[in-house]
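> task: produce atomic coordinates for the following.
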Amino acid sequence: MIHRNLKYIALPFLLATTAVFAQNPVVQTHFTPDPAPMVYKNKLYVYTGDDQPGFDFYTMTKWRVHSTEDMVNWTDHGVPISLESFNWARDRAWAAQCIERNGKFYWYICAQTVDNNMAIGVAVSDSPVGPFKDALGKPLISTGTWDNIDPTVFIDDDGQAYLYWGNSKLFYAKLNKDMISYAGKITEITQSAESFGGLRRPGRSDEVLQKQEKFDDVYVEGPWLYKRNNQYYMMYAGMTGKTECLSYATSESPTGPWKYQGKIMTDQPTNSFTNHGGIIDFKGKSYLFYHTGLLPNGGSYGRSTAVEEFKYNADGSIPKIKMTREGVSSVGTLDPYKRNEAETMAWSEKCSTLENKKNGVFVSDTRVGGFIKVRAVDFGTGAAEFSASVAAGIDGGILEVHLDEVKGPKIAAVDIPRTGGWEDFKTISSKISEKVSGVHDVYFVFQGKNITAGRKLFNFDYWSFKKK
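Numbers count the residues shown, from 1 in each chain. Purely as a prediction, here's the structure:
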């Protein structure tokens, strides 16, 4: 949790026409820092924070959830918890992680308490997307310091669960089977150059550390604990130069001793002082989640989730990983003949998302020239009709459907009338004007008729096609 934003005008590669190729950051409608991935029943969920734009600090009041079945199209599940969910929390909704146990989902968060310290709490739900509620009505970890940030949780093969956390210092506790209490004492992990690449000496600032410390790395924050092939991995945000890197250590035990293995992602143009992420396997592939400040108006205080695929080396070590704008390839296709949420996207521009009790999450704030891109849509032998659930308080909006590019073949268009209000959704259909079959990327392009480019056009809830 630290430092200053650089303006997007110096990073043109993510803007303008490159949206055809871009996949990172994976969410463009909101800032989504500190990604924590979780796999459950053939879906990958990523739990993130929510940087509020326009501030020169880590200003976050809620947490978000997105999911994917194919690694390229991400569904926005909105905001299942916020500071308001915890009566003991006052500020700083920082990094968090969710885990499933026995059909329940436990979301470990950190926040500033009313006593002006950081503490770790836990929310519980019967669903990975909520609703969640505070499981305790009080913090799970509260020691009267600011060290209690960035929780990571892991359940070992023997059923023992571990909670790690810490800023500059690293702590752990053994969780009980109820996942909302811990047994024994809180233990601080002793740090050394052998365990984490460096040693943060008491009272030394980051600036002094960079100039005078002999070590090449040091544990800073953001731990991520997992196990692979009977080896335990601890990834964390380390320090390199004037920005954070992602580094890791390994152990034969979930409680150490840890052995420093090196940096995973370092010296990359992320446009963010911090980095924070998680590593997970999904559908036979390994992925690194991290964050960047590369969206328009992003930076160190406006960070967004990105993901890269990688392969472990033969000895189990993690290779150096570079950030890319292209991101990862699809591991599946999308069925256009079922209801598809409009908030399921691979890329979007000039739109956002909102949620209400009746409709859940939907696409909002559409503007002329904006679009939603959906990847790897499998039309099979052909489609005959397109339908969209839309809402508008004023008419004049047009929803166009294009294939493979923003200006690719237009196969349908829907003129959107006044539906009775911005959240009064109506389903409108259009015949397919050109033959379409096979697998395509689909672009839902926002246009208008005799209106100014800056006016809000319509809201968009879901869509589907009918087979030919």
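
> all helices of this protein, in order?
For the chain, applying DSSP state H gives helices covering 193-196, 206-212.

> tell me the contacts of Tyr248?
Tyr248 sits next to Tyr233, Met234, Met235, Tyr236, Gln261, Gly262, Ile264, Ile318 when contact means C-beta atoms under 8 Å, 6 or more residues apart in numbering. The C-beta positions use only the backbone N, C-alpha and C, and glycine is treated the same way.

> these two touch, right, Gly369 and Phe446?
Yes: assessed by C-beta atoms under 8 Å, Gly369 is found in contact with Phe446 at 6.9 Å.

> so these two - more neighbours on which side?
Just comparing Gly369 and Phe446: by other C-beta atoms under 10 Å the higher neighbour count belongs to Phe446, 25 against 13.

> so which bits of stretch 30-49 are buried?
Neighbour counts over stretch 30-49 (16 or more other C-beta atoms under 10 Å) mark 30-38, 44-49 as buried.

> what's the answer for stretch 311-329, then?
Here stretch 311-329 shows Ile318, Ile321, Met323, Thr324, Arg325, Gly327, Val328 as buried, counting by 16+ other C-beta under 10 Å.

> again with stretch 371-387
Buried-residue list, stretch 371-387, by 16+ other C-beta under 10 Å: Phe371, Ile372, Lys373, Val374, Arg375, Ala376, Val377, Phe379, Ala383, Phe386, Ser387.

> same question for stretch 336-352.
Using 16+ other C-beta under 10 Å as the test for burial, stretch 336-352 gives 336, 340-352.

> can you check stretch 358-370 too?
Asn359, Gly360, Val361, Phe362, Val363, Ser364, Asp365, Thr366, Arg367, Val368, Gly370.

> residue contacts, the fourth one?
Pointing back at Phe362 there. Ala342, Glu343, Thr353, Leu354, Glu355, Asn356, Ala391, Phe425, Asn459, Phe460, Asp461.

> so the second one touches Thr353, yeah?
This points to Glu343. Yes: with contact defined as C-beta under 8 Å, Glu343 and Thr353 form a contacting pair (5.2 Å).

> tell me the domain ranges of the protein?
8-310, 340-467 (automatic domain parsing).

> ok, which of these comes nearest Gly332?
Smallest distance to Gly332 across those (C-beta to C-beta): 3.7 Å, for domain 8-310.

> now do the shared contacts for Glu343 and Thr353.
Joint contacts of Glu343 and Thr353 (C-beta under 8 Å, 6+ apart) are Thr29, Asp76, Val361, Phe362, Val363.

> in a markdown table: these, plus pLDDT and distance to Gln268.
Putting the shared contacts of Glu343 and Thr353 into a markdown table (pLDDT from 0 to 100; distance: C-beta to C-beta, whole Å) gives the following:
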| residue | pLDDT | distance to Gln268 |
| --- | --- | --- |
| Thr29 | 97 | 24 |
| Asp76 | 98 | 26 |
| Val361 | 98 | 31 |
| Phe362 | 98 | 34 |
| Val363 | 98 | 31 |
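
> among those, which are in strands?
Residues of those located in strands (DSSP state E): Asp76, Val361, Phe362, Val363.

> just give me the closest of the residues you listed to Leu288.
Closest approach between those and Leu288, by C-beta to C-beta: Asp76, at 21.8 Å.

> if I pick the closest one, what's in contact with it?
By C-beta under 8 Å, 6+ apart, the neighbours of Asp76 are Val27, Thr29, Arg64, His66, Glu341, Glu343, Thr344, Met345, Thr353, Val361.

> poorly predicted segments of the stretch 101-250 of the chain, please.
For the stretch 101-250 of the chain, the stretches flagged by pLDDT under 70 are 200-214.

> picking that back up, quick check, nearest of the buried residues of stretch 30-49 to Val218?
Nearest to Val218 among those, with distances taken as C-beta to C-beta, is Asp34, at 19.6 Å.

> state the distance from the closest one to Arg339.
31 Å (C-beta to C-beta, to the nearest Å).

> find the nearest non-adjacent residue to Leu225, please.
Leaving out its chain neighbours, the residue that sits closest to Leu225 by C-beta to C-beta, 6 or more residues apart in numbering is Phe154, at 4.4 Å.

> may I have the beta-bridge partners of the one you found?
Phe154 has these beta-bridge partners by DSSP bridges: Tyr162.

> likewise for Ser82?
For Ser82, the beta-bridge partners are Lys62 (DSSP bridges).

> also Lys174?
Taking DSSP bridges as the rule, Lys174 bridges to Tyr162, Ala183.

> that one against Tyr164, yeah?
No: using C-beta under 8 Å as the test, Lys174 is too far from Tyr164 to be in contact (10.8 Å).

> who has more neighbours out of those two?
With neighbours defined as other C-beta under 10 Å, Lys174 and Tyr164 compare such that Tyr164 has more, 23 against 17.

> can you pull the contacts of that one?
Shown in contact with Tyr164 (C-beta under 8 Å, 6+ apart): Pro151, Thr152, Val153, Phe154, Leu170, Phe171, Tyr172, Pro223, Leu225, Met234.

> picking that back up, of the buried residues of stretch 371-387, closest to Gln23?
So of these, ranked by how close each gets to Gln23 (C-beta to C-beta), first place is Arg375, at 8.2 Å.

> residues in contact with that closest one?
Counting by C-beta under 8 Å, 6+ apart, Arg375 makes contact with Asp70, Val72, Asn73, Ser330, Leu334, Ala346, Asp441.

> can you check the pLDDT for it?
We note a pLDDT of 98 for Arg375 in this prediction.

> roughly how far apart are it and Ser82?
Taking C-beta to C-beta as the measure, Arg375 and Ser82 are separated by 31 Å.

> about what we covered before: columns distance to Asp115 on top of the shared contacts of Glu343 and Thr353, output as CSV?
Listed next are the shared contacts of Glu343 and Thr353 as CSV, based on distance: C-beta to C-beta, whole Å:
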residue, distance to Asp115
Thr29, 35
Asp76, 34
Val361, 34
Phe362, 39
Val363, 40
